[in-house]
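Participant: mind folding the following:
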Amino acid sequence: MSRIGKKPVQIPAGVTVTVNGTNVHVKGPKGELDRTFSDLVTIKEEGEEILVSVNDESREANAQHGLTRTLIHNMVLGVSEGFVKQLELTGVGYRVALKGKDLDLSLGYSHPVIYKAPENITFEVPDNTHINVKGISKEQVGQVAAEIRMKRPPEPYKGKGIHYMGEHIRRKLGKAAK
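Facilitator: Down below sits the predicted model:
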């Protein structure tokens with residue numbers, strides 16, 4: 001059994017969880033999430049906690065045990081608090097602006113890059129070099145942040161590009177002078 005999977009998921013006030021076999025529906029102040037899990041695990045709701053247990057002792061069931069518990073925990077956190085990924089633009093002339101709900105990125109190309117906001121994702125632009133990606137699904141917030149980062153990944157010589165806040169970019173020396 002997984003050590004993480006053994007821990008119960010606490011349900012905070014204002015969040016309702018409905019377990020129907022392997023389908024889990026979580027509703028909270030920020031929205032609703034729904035997900036179907038593997039048949040290798042059993043999900044039970046007991047009062048203010050959700051318990052996840054394995055049906056058999058196979059290696060695959062043990063792997064699903066911890067994963068299922070973590071995904072349910074992320075669903076509960078998402079509908080109660082939400083998730084945020086912060087991105088930073090580094091480079092001369094690199095900037096971002098909010099155009100309605102979409103991002104207008106100037107990344108050194110001959111044209112502006114427009115990134116359309118997916119459903120359930122909101123963008124905040126505190127200044128012209130920072131982006132906050134917000135949403136209730138941790139998986140979706142991370143995916144959108146990664147897609148934005150891939151529009152201009154940080155390069156190793158000058159460090160220009162889009163990177164996560166706090167991310168360390170390994171720098172290369174470049175040409176050695178004789």
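Participant: state the mean pLDDT of stretch 77-86.
Facilitator: Average pLDDT, stretch 77-86: 95.
Participant: what is the end-to-end distance of that stretch?
Facilitator: Start and end residues of stretch 77-86 are separated by 18 Å (CA to CA, to the nearest Å).
Participant: ok, stretch 111-123 next?
Facilitator: End-to-end for stretch 111-123, by CA to CA: 21 Å.
Participant: now do the buried residues in that stretch.
Facilitator: Neighbour counts using 16 or more other CB atoms under 10 Å place Y115, A117, N120, I121, F123 of stretch 111-123 among the buried residues. To be clear about C-beta, it is placed using only N, CA and C from the backbone, and glycine gets the same treatment.
Participant: can you tell me which of those residues are in strands?
Facilitator: In this view, these that belong to strands under DSSP state E are Y115, I121, F123.
Participant: CSV for the residues you listed, including distance to L107 and pLDDT?
Facilitator: Shown next, in CSV, are those (distance: CB to CB, whole Å; pLDDT from 0 to 100):
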residue, distance to L107, pLDDT
Y115, 11, 95
I121, 20, 95
F123, 16, 96
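Participant: out of those residues, who's nearest V141?
Facilitator: Using CB to CB, I121 comes nearest to V141 of those, at 6.8 Å.
Participant: what count of nearby residues applies to the closest residue to the closest one other than its chain neighbours?
Facilitator: In this structure, I121 finds its nearest non-sequential neighbour in G135, 4.5 Å apart by CB to CB, 6 or more residues apart in numbering. Residues near G135, counting by other CB atoms under 10 Å, number 26.
Participant: V141 is in contact with G135, correct?
Facilitator: Yes. G135 is in contact with V141 according to CB atoms under 8 Å; the separation is 4.4 Å.
Participant: who touches both of these two?
Facilitator: F83, I121 (CB atoms under 8 Å, 6 or more residues apart in numbering).
Participant: what's near enough to touch the residue nearest to I121?
Facilitator: When contacts are counted by CB under 8 Å, 6+ apart, G135 is found next to G78, G82, F83, N120, I121, T122, V141, V144.
Participant: out of everything not next to it in sequence, what's closest to G28?
Facilitator: Nearest to G28 is V79, by CB to CB, 6+ apart, at 3.0 Å.
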